[in-house]
Every structure is written in C-alpha cells, then in structure tokens.
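Peer 1: What follows is a predicted protein model with its sequence.
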Amino acid sequence: MIDYDSMLSSTLKDIKPSGIRKFFDMLQEMDDVVGLTVGQPDFVTPWHIREAAIDSLEKGKTYYTSNAGTPELREEISKYMKRRFSLDYKTDEIIVTVGGSEAIDVAMRSIINPGDEVILPLPAFVCYEPIAKMCGAKVVTINTKLENKFKLTKDELKQAITKKTKLLILPFPNNPTGAILEKKDLEEIAEVLRGTNIAVLSDEIYAELTYGKKHISIAQIDGMKERTVIASGFSKAYAMTGWRLGYICAPRELSSQILKLHQFAIMCAPTVSQFAACEAMKNGDDDIEYMCNEYNRRRKFIYDGLNSIGLKCFEPEGAFYIYPYIGNFGMTSEEFCEKLLFNYKCAIIPGNAFGESGEGYARISYAYSIKHIEEALKRIEDFVKSL
C-alpha cells in the first residue's frame with residue numbers, strides 16, 4: 001500500500017484548513033440558514049462588463065494572452081492606478097493574475113527564501129501565513145489592538161524586525177476588522193522601513209471600499225514604491241469574484257522576476273475575464289461609487305444593530321466586514337458561532353479563524369442585502385438574549 005503520509009509535504013500537513021471554509025461548508029448542509037460568512041458582493045457584475053465578455057466570446061477571442069496579460073488591460077490598469085491613487089506604473093510593471101489570491105501567492109514565493117522572516121499583522125485573511133510557511137519562512141505575528149483601531153503601529157513593527165526580516169505584509173483595508181491605515185500611519189511605518197532591505201506586500205483588494213477616508217497606498221509614501229508589491233483585483237470593487245482576475249503592480253526589478261513564476265505556474269489569466277476587466281477599468285468608476293455607497297448604508301445599519309443588541313464593535317472604516325466582541329459570554333469564539341448556527345441558524349465566522357488574537361471576536365460580512373442583514377440581526381439578538 002502507498003504511504004500517503006510520507007508522500008505529502010510535512011509542512012502542508014501541519015497547516016490547518018481555513019476556518020472560514022469550515023463554517024461555510026457547515027452552512028451548506030443546513031436549511032433556512034441566514035449566513036453572513038462570505039466576503040462576496042451580493043451585486044451581479046454590472047451589465048456593461050458582462051456585455052464586453054460576451055462580445056469577446058462572440059468574436060472568438062478565446063486564445064491565450066501574453067503571460068502578463070493583454071497590453072490593453074495592463075494599459076487600463078496603469079491609467080486606473082494613476083487616476084484613482086496617483087501611482088505611476090508602466091505596463092511592464094503590471095502582471096494580470098488569477099485573482100488577488102494568485103497575486104499574493106506568486107509575490108510571496110518570488111521574494112521569500114527558506115529561513116526568512118515575514119511580519120504579519122493579525123487578525124488578517126487566512127492565506128498569508130500558510131503561503132509563507134510553504135516557502136519555508138518563519139512568520140512573526142503582531143497582534144493589533146482595538147485601542148489602536150486595529151492598526152499596525154511603528155513601535156510594534158520596530159520590535160518585530162530582526163536581521164532575518166525579509167517581508168512585511170500590509171493587509172489593509174483589513175479583513176476581518178475593517179481597519180484602515182491613514183497617511184500618517186503609513187508615514188510612520190515608512191520611517192521604520194527606510195534604510196532596510198525589507199520588502200512590502202500591500203494587499204489592496206479593498207482599496208475602493210473605504211468610508212469617509214480615501215485609501216492611501218504605502219507605495220504613495222516617499223521611498224516606499226521601490227520596495228512595494230501591490231496585490232489587488234476586481235472581485236470586491238466590481239463584484240467580479242467568479243471571474244478570477246487580479247493584478248500585481250511592482251517595480252520592474254521585482255515584476256520581471258514575479259512574471260517568471262506566474263508564466264510557469266499559470267501561463268495567463270482567463271482571456272474572457274481580461275476583456276471584461278478592461279471594460280471595468282475604462283467605464284466602471286460609477287459602479288464602484290454606487291456599490292461603495294450601498295455598502296456604507298449596510299455598514300451603518302449593522303453597526304447600529306449589533307450595538308443595540310449589546311455586542312460592542314469597532315466601527316469599520318474599510319472593506320465590508322464588522323468585528324464584534326463576543327468574549328463576555330463564557331465561551332470560545334468557535335463555541336459561540338457553532339451555537340448560533342445550530343440553535344438559531346445564523347452563520348458568522350469565529351474570530352480565531354484569522355489568528356489567535358481573534359479569540360473573543362467574530363467576523364460578520366455585510367456584503368449582503370439589508371433584508372438579509374436584518375433577519376440575521378434578529379436571530380443574533382434572540383441568541384444573545386438566551387444567554
């Protein structure tokens with residue numbers, strides 16, 4: 001018989017499955033469940049974007065594109081970054097990827113050597129730490145704090161840096177907390193990084209979803225662009241999750257090397273999705289504004305609703321998640337979320353799915369309709385009253 005245990009990567013075997021998917025899969029096996037689990041817009045991709053994809057299919061544009069993506073799409077991404085964030089990237093500094101997830105993966109694998117240290121502020125999305133470990137890195141976590149609005153501070157960063165530090169991951173706007181970094185925060189981080197050879201991976205997939213304060217990229221701060229890889233995509237801002245399209249923006253010295261890994265691993269991103277994305281970049285600014293305004297309405301609604309129930313929350317400033325404190329009910333985050341699911345058929349994600357610092361919290365997505373959120377709040381209120 002084959003010994004699969006010895007066949008598999010020992011590093012991979014030690015990595016736990018995603019806590020998000022665990023609850024999502026449990027939800028799928030139950031009826032009449034109101035789920036606020038997945039970070040997926042409930043909007044349909046705008047028609048003009050879908051129409052561009054249909055047109056490309058009707059014209060038989062079903063071939064491979066260049067590894068980095070079509071010249072037209074990279075040109076539109078370049079214009080978009082300049083228009084929206086005042087960042088100047090040439091087309092050969094842009095790589096079109098299979099979602100933001102691939103952008104993160106190939107960027108990390110292109111930078112990290114075994115034995116390097118990667119600094120990761122927590123809580124954060126679930127993919128960074130497993131990828132870093134598969135690269136042979138030691139992950140140095142920083143537990144951000146509610147009293148700092150879940151921001152990474154310069155003092156915390158200073159304490160985490162060693163001679164082996166290779167990469168800082170900046171997951172802001174943040175999933176799950178909804179925290180953002182403002183210009184003054186980024187300038188303090190830049191002050192710590194100047195004079196080092198530490199790279200920055202800035203995951204800016206939620207850059208268009210901020211409320212009251214425009215997103216600032218660390219690449220906009222003096223001296224930071226040359227060390228920063230921006231990973232972003234179309235899923236959140238344009239409601240294009242299923243199109244699986246993202247992109248990297250990085251200095252040519254980095255992007256040219258990342259492209260080698262992308263071309264061997266992927267070849268190119270889906271062609272039909274690239275034609276759709278080109279239309280999104282050209283004519284999608286109004287779509288972004290409309291959806292962002294709607295998320296803001298939902299944000300206020302769920303924030304007020306949770307606080308009225310007695311679940312105190314940090315008011316999110318970005319993304320479409322809220323992060324209530326649930327640690328005063330005498331149970332773990334997983335126990336709280338499981339009882340809410342099985343007894344009241346409402347699904348949210350335990351905070352420890354995003355790192356140990358998330359214990360005592362839960363993540364709730366408000367990328368759902370007001371009616372859906374309203375029903376979920378009723379069930380959460382009934383559960384909390386029962387406690």
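Peer 2: Now that the structure is in, tell me what you want to look at.
Peer 1: Give me the helices and strands touching the helix of greatest length in the chain, please.
Peer 2: Assignment by DSSP state H gives helix 285-309 as the longest helix of the chain. With contacts taken as 3 or more Cβ pairs under 8 Å, 6 or more residues apart in numbering; DSSP states H and E, helix 285-309 sits against strand 313-314, strand 321-324, helix 370-386. Any C-beta I mention is one placed from the backbone N, CA and C, and that applies to glycine too.
Peer 1: what do you get if the cut-off is 10 Å, keeping everything else the same?
Peer 2: helix 47-58, helix 71-85, strand 313-314, strand 321-324, strand 362-365, helix 370-386 (3 or more Cβ pairs under 10 Å, 6 or more residues apart in numbering; DSSP states H and E).
Peer 1: how about the CA coordinates for the last one, as PDB?
Peer 2: Looking back up the chat, that one is helix 370-386. Provided in PDB are the C-alpha atoms of helix 370-386 (Å, rounded to 0.1, in the frame of the first residue of the first chain):
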ATOM      1  CA  ILE A 370     -30.300  45.000   4.200                       C
ATOM      2  CA  LYS A 371     -33.200  42.500   4.400                       C
ATOM      3  CA  HIS A 372     -30.700  39.600   4.800                       C
ATOM      4  CA  ILE A 373     -28.800  41.500   7.500                       C
ATOM      5  CA  GLU A 374     -32.000  42.400   9.300                       C
ATOM      6  CA  GLU A 375     -33.000  38.800   9.600                       C
ATOM      7  CA  ALA A 376     -29.500  37.800  10.800                       C
ATOM      8  CA  LEU A 377     -29.600  40.500  13.500                       C
ATOM      9  CA  LYS A 378     -33.000  39.200  14.800                       C
ATOM     10  CA  ARG A 379     -31.500  35.700  15.200                       C
ATOM     11  CA  ILE A 380     -28.300  37.000  16.800                       C
ATOM     12  CA  GLU A 381     -30.400  39.100  19.200                       C
ATOM     13  CA  ASP A 382     -32.600  36.100  20.100                       C
ATOM     14  CA  PHE A 383     -29.400  34.100  20.800                       C
ATOM     15  CA  VAL A 384     -27.800  36.800  22.900                       C
ATOM     16  CA  LYS A 385     -31.000  37.100  25.000                       C
ATOM     17  CA  SER A 386     -31.000  33.400  25.600                       C
END
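Peer 1: Counting neighbours, what do you get for Glu156?
Peer 2: 18 (other Cβ atoms under 10 Å).
Peer 1: OK, contacts around it?
Peer 2: Residues in contact with Glu156 (Cβ atoms under 10 Å, 6 or more residues apart in numbering) are 119, 121, 142-145, 148, 189, 192.
Peer 1: can you give me the strands in this structure?
Peer 2: 34-35, 94-97, 117-122, 138-143, 165-170, 199-203, 228-233, 246-249, 313-314, 321-324, 346-347, 349-350, 362-365 (DSSP state E).
Peer 1: Of all these, which one comes closest to Lys213?
Peer 2: strand 313-314 (14.8 Å; Cβ to Cβ).
Peer 1: So what's the model's average confidence on that closest one?
Peer 2: What strand 313-314 shows for mean pLDDT is 94.
Peer 1: Could you tell me which strands sit next to it in the sheet, and their orientation?
Peer 2: strand 321-324 (antiparallel) (DSSP bridges).
Peer 1: list the buried ones in the partner strand?
Peer 2: Of all the residues in strand 321-324, those buried under the rule 16 or more other Cβ atoms under 10 Å are 321-324.
Peer 1: Just put the residues you listed in JSON lines and tack on pLDDT and distance to Lys13.
Peer 2: Supplementary listing: the buried residues of strand 321-324 in JSON lines, determined by pLDDT from 0 to 100; distance: Cβ to Cβ, whole Å:
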{"residue": "Tyr321", "pLDDT": "98", "distance to Lys13": "30"}
{"residue": "Ile322", "pLDDT": "98", "distance to Lys13": "34"}
{"residue": "Tyr323", "pLDDT": "98", "distance to Lys13": "31"}
{"residue": "Pro324", "pLDDT": "97", "distance to Lys13": "34"}
